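Student: Can you look at this prediction? I've put the sequence above it.
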Amino acid sequence: MAGTSILVYAERVGGNLGEIEKLLAGPLADFDGVHVLPFFHPYDGDDAGFDPIDHKIVDPRLGHWSDFKRISQTHELTADLIVNHASALSPEFIDWQAKGEASEFDGMFLTFDVVFPNGASEDEITSFYRPRPGMPFTAYEVNGRRRLVWTTFMPSQVDIDINHAAGQKYLVNVLEALKSGGVKVVRLDAVGYAVKTPGTDSFMTAETLAFVGEITKLIRSYDMRVLVEVHAHYTQQLEISPLVDLIYDFQTAPLLLHSFFKGTVDKLADWFAIRPSNCLNVLDTHDGYGVIDGGPINGKPGLISQQDMADIFTQAEINTGGHSAIASVVPQWFTLPHQINATLPSILANDTAYVASRAVQFFLPGEPQVYYVGLFNGMDDRELFARTGQGRDTNRHHYTPAEIEVALEQPVTQAIIALARLRKHAAFDGDFSYAVTDASSIRLMWTKGEETISLEIDTTVGDPSFVIEATTDAGLARFASVEELANFRVSVLNR
């Protein structure tokens, strides 16, 4: 049976790994795993931990590898291998800056001339797909010489040459540290940008897929599973899913919003017909609430149209009182934001629709993962956004232990925890099916012999609903409201 997990920042869920360990041993014990977002030294750099100075050690302000070893004894532990880049403050980069070709790390960092040994035209340079405005290079002083270093994301995040022996050695050293810390699932962060291929946009190219296959083989040799994060056209998700153990399902999230905002389930059904089975089932994430993943990209038609995407942003703006429009950023290469910078409860503005969306997440084939803010039914953190000016901080609240205690008592949070309990029903080891039951409703069902469990959601605008039915030793259990689901206890199933 596929497991369930939560996605957390160690410093934003109680403040350290010890608090997360307590939650997993107590009120969140029904979850089978945990993905702790970058906890490396330092966790509070320019990109919230995705720019580690030392990718091999736990930031001592959060805890130690020994904390992870304990957690890994009871829960599957996921951690990031940041494939594309390291910090400009890392010992490796500083050593290379000081010594140049004499450094043992010479060649580890990707420079302009490695990709373009004969120079490059304006068209060749500007064709690169980049998530941030501006050029993907930064001029750095290296042993008295100015060098153009690739910096795909930020100037402080210097790209690694994954084809050079020094770059490959670096990644192996990080993998060995993760393995020693009890990590069982490695998420390849930013892998879509890791291979630069002149003449292409260098995002999720054939060369990228080949690299994914190679590094997956390496990670599996350490007896760890591989999760790939790719925000891309849905067809690229289908291409990469056979190469790895887990692929994010970023498509269901915008399709659910489309369904609840339009009162139709046809687009959901279209996706369910072709959706990979080895998905990590997510809705909200630390990056925001993705919408682009369901739409057209580079001229390829999407699961929803450009206008459908625009309508989602418009309704989210209404439901958040205008705040999502302020916090969400339109990238240089697109006409709409990449994602909605708001919490999912704020975007949907309806507890029933919210819990129904979570239920779909738990009933689909794959492995459900719930982001901590969504788990705690968090609303937009406008104060944090006002302080930092970072749109993503709207959905990255710092929860104190006292706030967590209050959140855990909410019916919505209790209902989500109950879904993790229900996911342990024997029928989830059986066969999955779905059926459109009306223009606004769809039914998901699992069957194993006489064991069955089903979910039907109705997305009627203004009157959403859901019904869960499950076989138990005492007969058929039925949950048709947030409160009924919140009151569910394991004893009801006796499976």
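Tutor: Nice, I can see it. Keep in mind the model is a prediction, meaning the values are calculated, not measured. Numbers count the residues shown, from 1 in each chain.

Student: CA-only coordinates of the one helix or strand residue 70 maps to in CSV, if you can.
Tutor: Taking DSSP states H and E as the criterion, residue 70 maps to helix 65-72. Taking C-alpha atoms only, helix 65-72 is exported to CSV below (Å, rounded to 0.1, in the frame of the first residue of the first chain):
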residue,chain,number,x,y,z
TRP,A,65,21.5,13.8,11.7
SER,A,66,20.7,11.8,14.8
ASP,A,67,17.3,13.4,14.9
PHE,A,68,16.6,12.2,11.4
LYS,A,69,17.9,8.7,12.2
ARG,A,70,15.3,8.4,14.9
ILE,A,71,12.5,9.7,12.7
SER,A,72,13.6,7.3,9.9
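
Student: Give me the contact list for the following helix or strand past that helix.
Tutor: Sequence order places strand 76-82 as the next helix or strand after helix 65-72, per DSSP H and E. Residues outside strand 76-82 that contact it (Cβ atoms under 8 Å, 6 or more residues apart in numbering): 3, 5, 32-39, 50, 52, 55, 68, 71, 171, 174-175, 178, 181-190, 219, 227. C-beta coordinates here come from the backbone N, C-alpha and C atoms, glycine included.

Student: Give the buried residues for stretch 89-109.
Tutor: Judged by neighbour count (16 or more other Cβ atoms under 10 Å), stretch 89-109 contains these buried residues: 89-90, 92-93, 95-97, 103, 105-109.

Student: dump the residue contacts of residue 41.
Tutor: By Cβ under 8 Å, 6+ apart, residue 41 lies in contact with 52-54, 57-60.

Student: Out of those, which one has the lowest pLDDT?
Tutor: Across the contacts of residue 41, the smallest pLDDT goes to residue 52, namely 92.

Student: I'd say that one and residue 88 touch.
Tutor: No - contact criterion Cβ atoms under 8 Å: residue 52 and residue 88 do not qualify, at 11.4 Å.

Student: so which of the buried residues of stretch 89-109 comes closest to residue 400?
Tutor: Closest to residue 400 out of the buried residues of stretch 89-109 is residue 89 (29.6 Å), distances taken as Cβ to Cβ.

Student: Only alpha carbons, please: show the helix or strand of the chain with the lowest mean pLDDT as CSV.
Tutor: Least confident helix or strand, the chain: helix 122-126 with a mean of 89, by mean pLDDT, DSSP states H and E. Taking Å, rounded to 0.1, in the frame of the first residue of the first chain, the C-alpha atoms of helix 122-126 are listed here in CSV:
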residue,chain,number,x,y,z
GLU,A,122,22.0,36.6,-28.9
ASP,A,123,19.3,34.1,-30.0
GLU,A,124,21.3,31.2,-28.5
ILE,A,125,21.7,33.0,-25.1
THR,A,126,18.1,34.2,-24.8
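
Student: Name the residues of that helix that come out as buried.
Tutor: Going by 16+ other Cβ under 10 Å, helix 122-126 has these buried residues: residue 125.

Student: Also stretch 9-22?
Tutor: With burial defined by 16+ other Cβ under 10 Å, the residues of stretch 9-22 counted as buried are 9-17, 19-21.
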